[in-house]
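> sequence and predicted structure below; questions after.
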Amino acid sequence: MEKIQGGVTAAKGFMAASVGAEIKYKNRKDMAMIFSKTPCVTAGTFTTNVVKAACVQWDQKIVKESEAVHAVVVNSGIANACTGKQGFDACKATAEAVKEVLDVPVDSCLVASTGVIGMQLPIDRLANGVKMMAPKLDDGMDAAHEAACAIMTTDTVPKEVAVTFKLGDKKVTLGGMSKGSGMIHPNMCTMLGFLTTDIAIEKSLLQEALSLVVKDTFNMITVDGDTSTNDTLLIMANGLAGNEVITTKGEAYQTFVDALFFVCEFLAKKMAGDGEGASKLFEAKVVNAKSKEDARILSRAIVASNLSKAAIYGCDANFGRFLCAMGYSGAQFDQNDVELFFESKEGRLQVFDKGTPIVFDEEEATKILGADEVTIFVDMHEGSESATAWGCDLTYDYVKINADYRS
């Protein structure tokens, strides 16, 4: 596998476009489209929040029932959540506009929204945005990058990635973009994510691969403990790589899963590190746990704790906060088996050894915790399973951003 430049247009047959439709913002792009002339098989995972945005419900139906998908249209600024019948009308109007300008079925168009909950989308602007984007569709890297920028809300940087890998003598490409900065917490984490690939694969296996990979990537990030109404991760596969269609879980399937994991982990970490107001990526790695689920629970508890996040922000070597979070996580363990370390590019320092605190150099600890990426490494000494979770520090700016988000 090779990481390459690009995003959602890296794979054969995919194009992207973006436009400023003034959905909510002015003087910036706020709509994006991904399009494949060749019909795609599609899979998706969605928010576990009971309050689901209209676009989530629309996409769940399309992913489940439609044989082929051609397009995804995304808007930022307004979430189209808690919007009743008018919200569904907006989804339908968007898909009908795509049908009109690109001559594809209404049920082959997915939609996604991000932004303020409870505001109605301006349907006329959505439709006009689609009509403006259609002639701009392009398969270049710039088009992909501008689309990644257009879906941002409080994100500070666009998030995109692409890889290539071989299946026999065929080169397969997988690319993606995502957005997410606040209201992020499993399951699924607040986010929009869009993946495109030219692999030929059976639809049910595509769904199985995506659902598998999400568990240890997007479901392992948290910023603020709030699970969104709009979480959506979609993958479109148009088969243009020309590989033999993957219909079983053999070597080709595993190669694809490995590439999919890399792409999803890359995007997930980018979102965690770009949490609202964040200054650091905060990672928790738990090894030698009794079970995989315990390892996931423990690592997520560490990065989700507000006290832990505040300690990371302040470079405070208060390891008790991390142990405390583990203790109330719901996982059962013996604290007398646990070792805990601080890690970053500045070094590695053990601070807790099987029930006993270790006398350590405070200046060294502060230096390690002062890096822009910090890891809390925990060895449970109770099994062989491991998991990693990602979050960010808790800064003053998080409160400032969310205190006036609607305005």
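Ah, there it is.
> CA only for contacts and neighbour counts going forward, please
Fine.
> quick check: buried residues in the longest strand anywhere in the chain?
Ranked by number of residues, the top strand in the chain under DSSP state E is strand 31-46. Judged by neighbour count using 16 or more other Cα atoms under 10 Å, the buried positions of strand 31-46 are 31-36, 38-46.
> can you give me the helices in the stretch 301-407 of the chain?
Shown for the stretch 301-407 of the chain, the helices assigned by DSSP state H, counting those that start in this stretch span residues 306-314, 320-327, 362-369, 396-403.
> for residue 251, find the nearest of those.
Closest approach to residue 251 among the helices of the stretch 301-407 of the chain is made by helix 320-327 (37.3 Å; Cα to Cα).
> for the closest one, what is the distance to the chain centroid?
26 Å (Cα atoms, centre = their mean, to the nearest Å).
> against which helices or strands is that helix packed?
Here helix 320-327 touches helix 292-304, helix 306-314, going by 3 or more Cα pairs under 8 Å, 6 or more residues apart in numbering; DSSP states H and E.
> rounded mean pLDDT for that helix, please.
For helix 320-327, the mean pLDDT works out to 95.
> and the helices and strands packed on helix 320-327, which one's lowest on average pLDDT?
Among the helices and strands packed on helix 320-327, helix 306-314 scores lowest, at a mean of 90.
> what about the nearest residue to residue 244 once chain neighbours are set aside, distance to residue 337?
Closest residue in space to residue 244, ignoring its immediate chain neighbours: residue 200 at 6.7 Å, by Cα to Cα, 6 or more residues apart in numbering. Counting by Cα to Cα, to the nearest Å, the gap from residue 200 to residue 337 is 47 Å.
> kindly report the same for residue 72.
Distance from residue 72 to residue 337, by Cα to Cα: 49 Å.
> between the two, which is the more surrounded one?
A side-by-side neighbour count of residue 72 and residue 337, using other Cα atoms under 10 Å, places residue 72 first with 23 against 14.
> wait, is the more buried one part of a strand?
Yes - secondary structure of residue 72 (DSSP: H, G, I helix; E, B strand; the rest coil): part of a strand.
> so it makes contact with residue 36?
No - between residue 72 and residue 36 there is no contact under Cα atoms under 8 Å: 9.4 Å.
> how many residues are close by residue 18?
For residue 18, using other Cα under 10 Å, the count is 30.
> use 470 as the first number for this chain going forward.
Fine by me, first position is 470 from now on; the one you just mentioned is residue 487.
> the one helix or strand it maps to packs against which elements?
Using DSSP states H and E, residue 487 maps to strand 483-488. Strand 483-488 is packed against strand 500-515, helix 592-602, helix 610-619, with contacts defined by 3+ Cα pairs under 8 Å, 6+ apart.
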